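**Student:** have a look; sequence and predicted model below, questions after that.
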Amino acid sequence: MPRNSQEEWEGPDDCVEDHCIFSHQTFGSGGLVMITTERVAEIVAASHVVDDSGSKAPPFRTAQFPGKGTGLVATKAIRKGEIIMQRAPSLLVQLGMHFELAPEVRDRLYTLAVERLPVLRQQTFMCQMGDSIYTKVDRNAFRLFLDGDREQSPHLGSFPEISMINHDCRPNVHYRIENMTHITVAVRDILPGEELTISYIHGMIPRHERHERLSDWGFTCTCPHCTMSPADLAASDARLQEIKRLEDDLEKKLSGGETVAPEAGGDIVKLYQDEKLYGYLGHAYTRAALVYSMFGNLEKAKVYAAEAADALVREFGAHSKDAEAMRKLADNPTEHWSWEVKL
Ligand SMILES: C[S@@+](CC[C@H](N)C(=O)[O-])C[C@H]1O[C@@H](n2cnc3c(N)ncnc32)[C@H](O)[C@@H]1O
C-alpha cells in the first residue's frame, strides 16, 4: 500500500517484478486501479485530482453516429471557454509495461486489475471500444506523466467517458491533462444537438498526413472536414501552407531586424479562423498582439492581446503564465516590453 496514503488504498497485489496492482474504491469519484511501481503509487495517492461527474449535470449525452459508433452530443448550448467536464482516470498502467509484458501475463494482470474497480466503473470501462482490456487501453487511453521525466513516468490513463468522444480534424472541444485530471473545454459556441469532438492528432498537418496518422488508429476519418469536396480540401491544405509561410516569414524578418507589415499578425489569425483551428488560436493571437504592439498600434495590440489571453486560458488553463502576460499587454500596452520597439 502506498506509504503516505490513507487506509482506503489496497495493494501492492499480484506483482510482476516491481509492477503491482493498487486500487482505491472512491479515488477521483468512482474509484481507480493502477498497475505501476510503489513509487508512482505513492505519488498518485498524494496527488490532487478533480472529477466533477458527481457534482454537475453533464451538458451532453451519448448518441450513435453512423460510421463512427457511439459519440457525445450536446444537450444544451455550451459557450466558448466553458469547461465541459473534468474527469479522473479509472485505470492507470505504466507505458513500458503495457508494451513489453508477455501478452498472457499482461492480460491476466489487466483482468485482475479491472475486477478491482467498483462494478459501475468496471461497466463503463468495458463499454469502451476494443475487444480486450489491452485493446481498450491501447485504443482509448491518454498518455500521462506521473513522476516528472523519470524513466517510469509515462503511463496510460483510461478515462472511459472521454473515450466516447469521436475525432474531428476541426473539433469544437479542446482538452488538456493537468496532473491526472482530464479537462475538456469548448473552443467555440456549441449548439444543442451538435456532436462534441476532439482531435486525436495535431490538426495543422495536411489532409494526407492526417489520414495516415488516423489509419494508425485503425480508422478512416469521416469528419466533415475530411469529407469536403476535393476543391475545399485543396483550399484547406493551401491555407495550412500559407499559415506556415507567413509565420516563417514574420519570424525571419523580425529576428533579422527587417521591416514587416504588422497586419501580417492579423492575417495569420484570420487564416486560423477560416481554417477553424480554434484550439490553436492562443499563439496566433499572441503573435499578432506583439507585432501590433511593436509597431505602436495601441487599439489592435489591446484587442488581440485580450483575445490571446482568453484563448490561452481555454488551451492551457487559468494558471497560464502566457495568458497572464497577454492580460497585462491588453490592460496597458504602453508599459509592455514590446511597445514600439520596432519603430
Ligand atoms: C476513442 S473511440 C471513440 C468512441 C467510439 N465511437 C465508440 O463507439 O466507442 C475511437 C473510435 O471511434 C471511431 N471514430 C472516432 N472518430 C471517428 C471519425 N472522425 N471517423 C470515423 N470513425 C471515428 C473509430 O472507430 C475510432 O477507432
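**Tutor:** Happy to help now that I have it. Numbering: from 1, shown residues only.
**Student:** what's whichever strand or helix holds residue 309 in contact with?
**Tutor:** Element membership for residue 309, per DSSP states H and E: helix 298-316. Residues outside helix 298-316 that contact it (CB atoms under 8 Å, 6 or more residues apart in numbering) are 80-81, 174, 176, 185-187, 262, 265-266, 269, 279-282, 285-286, 288-290, 292-293, 320, 322-324, 326-327, 329-330, 333-334, 336, 339. C-beta coordinates here come from the backbone N, C-alpha and C atoms, glycine included.
**Student:** just the buried ones among these, please.
**Tutor:** For the contacts of helix 298-316, a neighbour count by 16 or more other CB atoms under 10 Å gives the buried set as 174, 185-187, 262, 265-266, 269, 279-282, 285-286, 288-290, 292-293, 320, 322-323, 326-327, 329-330, 333, 336, 339.
**Student:** wouldn't residue 105 be in contact with residue 15 here?
**Tutor:** No - using CB atoms under 8 Å, residue 105 is not in contact with residue 15, being 11.4 Å away.
**Student:** so the residue in the chain that the ligand sits nearest to bridges to which residues?
**Tutor:** Closest to the ligand within the chain is residue 69: 2.7 Å, counting by CB to the nearest ligand atom. According to DSSP bridges, the residues that bridge with residue 69 are residue 65.
**Student:** hang on, the earlier thing: measure how far the helix holding residue 309 is from the centre of its chain, please.
**Tutor:** Relative to the chain's own centre, helix 298-316 is displaced by 20 Å; criterion: CA atoms, centre = their mean, to the nearest Å.
**Student:** show me the strands in this protein, by range?
**Tutor:** Along the chain, counting by DSSP state E, strands occupy 10-16, 19-24, 32-36, 60-65, 69-74, 83-87, 91-94, 142-145, 154-158, 166-167, 173-178, 181-186, 195-198.
**Student:** rounded mean pLDDT for the third one, please.
**Tutor:** In this case it means strand 32-36. Mean pLDDT, computed over strand 32-36, is 97.
**Student:** quick one: strands adjacent to that strand?
**Tutor:** Strand pairing (DSSP bridges) places strand 32-36 next to strand 19-24 (antiparallel), strand 91-94 (parallel).
**Student:** which of residue 105 and residue 15 has more neighbours?
**Tutor:** A count of neighbours by other CB atoms under 10 Å puts residue 15 above the other of residue 105 and residue 15, at 14 against 11.
**Student:** skipping adjacent residues, who's closest to that one in space?
**Tutor:** Residue nearest to residue 15 in three dimensions, not counting chain neighbours: residue 21, with 7.9 Å by CB to CB, 6 or more residues apart in numbering.
**Student:** residues from the stretch 51-200 of the chain in reach of the ligand?
**Tutor:** Proximity of the stretch 51-200 of the chain to the ligand (CB under 6 Å from any ligand atom) is limited to residues 67-71, 128-129, 140, 163-164, 166-168.
**Student:** residue 53: which of the residues you listed is nearest?
**Tutor:** Using CB to CB, residue 164 comes nearest to residue 53 of these, at 13.0 Å.
**Student:** show me what contacts the closest one?
**Tutor:** If you count contacts by CB under 8 Å, 6+ apart, residue 164 has them with 62, 70, 71, 72, 128.
**Student:** residues contacting stretch 336-343, please?
**Tutor:** Contacts for stretch 336-343 (CB under 8 Å, 6+ apart): 254, 259, 260, 290, 293, 294, 295, 296, 301, 328, 329, 333.
**Student:** buried residues, that stretch. List them.
**Tutor:** Result for stretch 336-343 [16+ other CB under 10 Å]: buried residues 336, 338, 339, 342.
**Student:** thinking again about what came up before, mind putting the strands paired with strand 32-36 into JSON lines with distance to residue 202?
**Tutor:** What follows is the strands paired with strand 32-36, written out as JSON lines (distance: least, CB to CB, whole Å):
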{"stretch": "strand 19-24", "distance to residue 202": "31"}
{"stretch": "strand 91-94", "distance to residue 202": "24"}
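**Student:** most tightly surrounded among those strands?
**Tutor:** Most buried of the strands paired with strand 32-36 by mean neighbour count (mean count of other CB atoms under 10 Å) is strand 91-94; its value is a mean of 25.
**Student:** which ones are touching the residue nearest to residue 107 when sequence neighbours are not counted?
**Tutor:** Leaving aside its chain neighbours, residue 107 sits nearest to residue 134 (6.2 Å; criterion: CB to CB, 6+ apart). Residue 134 sits next to 98, 103, 106, 107, 110 when contact means CB under 8 Å, 6+ apart.
**Student:** sorry, back to before: relative to residue 90, how far out is the residue of the chain closest to the ligand?
**Tutor:** For residue 69, the distance to residue 90 (CB to CB, to the nearest Å) stands at 19 Å.
**Student:** so for those two, which sits in the more crowded spot?
**Tutor:** Set side by side, residue 69 and residue 90 show more neighbours around residue 90, with 27 against 11, by other CB under 10 Å.
**Student:** so that one sits against residue 158, correct?
**Tutor:** Yes - contact criterion CB under 8 Å: residue 90 and residue 158 qualify, at 5.2 Å.
**Student:** hey, what's in contact with both of the two?
**Tutor:** Common neighbours of residue 90 and residue 158 (criterion: CB under 8 Å, 6+ apart): residue 125.
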